[in-house]
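Peer 1: let's see this in three dimensions:
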Amino acid sequence: MPLTLAGPVHSELVVRKSRFIGCVQAVPDRAAALAVVAQLRAQHPDAAHVCWALLAGGHSAAVDDGEPGGTAGRPMLEVLRRQDLEGVLATVVRYFGGVKLGAGGLVRAYTDTVAQALLGAQKLPLQVMQTLHCAVPYALEGLLRREIDAIGASLLQVGHGTLVAFEFSLPQAQAAAFMARLDDAAQGRIVWT
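Peer 2: Now for the predicted structure:
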């Protein structure tokens, strides 16, 4: 089962006068990751490189940001993959210390920076959520609201027209059983859309 992170965790490593500042954090998608990277570039304008790796939404990315090809982003991405993470961004800001590390030294430095941050990270099982839409007569609005609250689903939207339209999300593994339970309780008067 894929895991995600409860919150951002930082690490710092100094290798032969170069400073590597790492962070691992949960992100929902590539757009959110790009926003984080842009923010890091603004916070560290004198940094030589802002390298990053992303696993989110079934997509991956590995960016070396000027380091020799395959020495930063890809090794960082492999650390995330080995931990079976999903929806996670790893970033490393490098301040060059004047001493070249060579390809092997760069791979070790970027890998170690991300691995060190992950050591302190709280990992949580990733739950795939499903959004459901349904409409019920006004007489069943209270029942549906109580059932949604009881299961801990997130009520996203309610619309009142000829019927009461609900939009809510819950873990995908619970969706089918919940829909069946609601159909029984409402005696087939729920319209699923």
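
Peer 1: which residues of the protein score low on pLDDT?
Peer 2: Per-residue confidence for the chain (pLDDT under 70) gives these ranges: 1.

Peer 1: if I pick the residue nearest the centre of it, what's in contact with it?
Peer 2: For the chain, the residue nearest the mean C-alpha position is Gly87 (2.7 Å; CA atoms, centre = their mean). With contact set as CB atoms under 8 Å, 6 or more residues apart in numbering, Gly87 has these partners: Thr4, Ala26, Val27, Pro28, Leu55, Ala56, Gly57, Leu126. Where C-beta positions appear, they are placed from N, C-alpha and C, glycine not excepted.

Peer 1: quick one: the fourth one and Leu55, what's the gap?
Peer 2: When distance is defined by CB to CB, to the nearest Å, Pro28 is 12 Å away from Leu55.

Peer 1: these two: which is more packed in?
Peer 2: Using other CB atoms under 10 Å, the more surrounded residue of Pro28 and Leu55 is Leu55, with 24 against 12.

Peer 1: tell me what the longest helix anywhere in the chain is packed against?
Peer 2: Longest helix of the chain, by residue count under DSSP state H: helix 102-119. Contacts defined by 3 or more CB pairs under 8 Å, 6 or more residues apart in numbering; DSSP states H and E place helix 102-119 against strand 9-15, strand 18-26, helix 73-82, strand 88-95.
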